[in-house]
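S.K.: Sequence first, predicted model second:
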Amino acid sequence: MLSNPKAPRVKRAAALARKKERQAQGRFLVEGPQSVRELLAHRPELAETVYASMGTEPWQHEVDRLASEAGVRVERATDEVFAALSETVNPQGVVAIARVWEPDLAEVLSGARLVAILHEIRDPGNAGTVLRAADAAGADAVIFSGESIDPFHPKVVRSTTGSLFHLPVAVAPSLAEALDAARAAGLTSLAADVRGAGLLEARAEGALAGPVAWVFGNEARGLSEADRALADRSLKLPIYGAAESLNLATAASVLLYETAFSQRG
């Protein structure tokens with residue numbers, strides 16, 4: 001039983017809440033039963049250690065089984081240790097340490113038909129929700145470009161509820177590099193922007209039926225003129241009511257699903 005929240009390994013794990021430490025250690029935190037289950041079920045080769053409470057929660061048997069099948073060590077820990085490892089008010093009693101991966105951009109995009117590119121996205125909840133929506137819509141990859149939040153930030157990981165482990169996720173230093181790779185893979189790049197052409201007209205023309213990479217910009221500023229110019233086309237969602245706009249995650253979800261519908265005939 002790990003009971004000392006000030007133990008060196010607990011401090012080392014807790015430090016993974018900071019990007020600098022994630023980069024230095026090449027590790028990140030996965031918190032909560034749903035996310036830990038998905039890690040062990042879909043990317044068990046990334047998991048190093050699972051810390052779990054001694055309670056009788058319904059998820060414990062499955063987490064123990066998946067960890068055993070993957071050959072991942074499970075250690076029991078006290079509530080005090082989970083309080084040190086977690087940034088949430090009410091820790092859920094299970095945290096895993098996983099290895100960061102850095103896939104090749106060209107490999108990730110090879111053969112893809114639907115991709116989401118998150119450019120300069122700063123809010124972890126938005127980033128995680130878009131990644132989850134991309135997973136649900138059957139996207140083939142998600143790319144974080146420019147100064148976007150780290151996809152391994154604890155809040156991003158939590159908000160994906162496991163989708164982080166279902167599809168390839170890569171990082172591109174710049175939007176230009178991400179779009180060059182997408183274009184080389186045969187994808188048409190569409191920038192989601194309120195100044196773009198109408199989505200319905202573009203859909204009627206068949207613009208969403210082929211391989212598509214959607215570009216979603218910063219929550220507050222959107223995409224700059226220079227960024228929009230990098231994409232093949234800019235499109236906007238119609239607003240039928242009095243709302244000024246949709247938030248990033250909602251708009252991205254609609255656009256990804258519209259594209260999935262078009263691609264599936």
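M.R.: All right, it came through fine.
S.K.: domain assignment for this structure?
M.R.: 8-99, 105-263 (automatic domain parsing).
S.K.: Pipe these into CSV and attach distance to residue 2 and mean neighbour count per row.
M.R.: To be clear about C-beta, it is placed using only N, CA and C from the backbone, and glycine gets the same treatment. What follows is these, written out as CSV (distance: least, C-beta to C-beta, whole Å; neighbours: other C-beta atoms under 10 Å):
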stretch, distance to residue 2, mean neighbour count
domain 8-99, 4, 17
domain 105-263, 19, 19
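S.K.: Make TSV out of those and add mean pLDDT.
M.R.: Converted to TSV, these look like this (pLDDT from 0 to 100):
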stretch	mean pLDDT
domain 8-99	94
domain 105-263	96
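S.K.: Please produce JSON lines containing those domains, extended by distance to residue 1.
M.R.: Output for the domains of the chain, formatted as JSON lines (distance: least, C-beta to C-beta, whole Å):
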{"stretch": "domain 8-99", "distance to residue 1": "5"}
{"stretch": "domain 105-263", "distance to residue 1": "24"}
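S.K.: quick one: strands adjacent to the lengthiest strand in the chain?
M.R.: Looking across the chain with DSSP state E, the single longest strand is strand 188-198. Strands that pair with strand 188-198, judged by DSSP bridges, come out as strand 212-216 (parallel), strand 233-236 (parallel).
S.K.: Which SSE is immediately downstream of the first one?
M.R.: Using DSSP states H and E, the helix or strand that follows strand 212-216 towards the C-terminus is helix 225-230.
S.K.: what about the helices in this protein?
M.R.: 8-14, 19-25, 33-42, 60-70, 79-85, 105-109, 124-136, 154-159, 175-184, 199-204, 225-230, 248-263 (DSSP state H).
S.K.: Next up, the contacts around the spatially most central residue of the chain.
M.R.: Note on the chain: the residue nearest the mean C-alpha position is residue 131, at 4.1 Å, using C-alpha atoms, centre = their mean. For residue 131, the contacting residues are 116, 118, 142, 151, 156, 160, 163-164, 169, by C-beta atoms under 8 Å, 6 or more residues apart in numbering.
S.K.: Return the member of those residues nearest to residue 178.
M.R.: Comparing the contacts of residue 131 against residue 178 with C-beta to C-beta places residue 118 closest, at 9.5 Å.
S.K.: The closest one and residue 147 touch, don't they?
M.R.: No - taking contacts as C-beta atoms under 8 Å, residue 118 lies outside contact range of residue 147: 10.9 Å.
S.K.: In CSV, list the helices of the chain along with distance to residue 217.
M.R.: Shown next, in CSV, are these (distance: least, C-beta to C-beta, whole Å):
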stretch, distance to residue 217
helix 8-14, 33
helix 19-25, 21
helix 33-42, 27
helix 60-70, 37
helix 79-85, 33
helix 105-109, 19
helix 124-136, 11
helix 154-159, 17
helix 175-184, 9
helix 199-204, 16
helix 225-230, 7
helix 248-263, 8
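S.K.: Next, the contact list for residue 158, please.
M.R.: Neighbours of residue 158 in contact, by C-beta under 8 Å, 6+ apart: 31-32, 35, 88, 128.
S.K.: Same check on residue 151?
M.R.: 127, 131, 142, 144, 157, 164, 169, 171.
S.K.: Likewise for residue 232?
M.R.: With contact set as C-beta under 8 Å, 6+ apart, residue 232 has these partners: 183, 188-190.
S.K.: I'd like the list of the contacts of residue 131 that fall within strands, please.
M.R.: 116, 118, 142, 169.
S.K.: Please verify my assumption that residue 207 contacts residue 189.
M.R.: No - when contacts are counted by C-beta under 8 Å, residue 207 is not listed as touching residue 189 (11.3 Å).
S.K.: Would you mind grabbing the residues shared as contacts by those two?
M.R.: residue 233.
S.K.: Turn the contacts of residue 232 into TSV, including distance to residue 203.
M.R.: Below are these laid out as TSV (distance: C-beta to C-beta, whole Å):
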residue	distance to residue 203
183	21
188	13
189	16
190	11
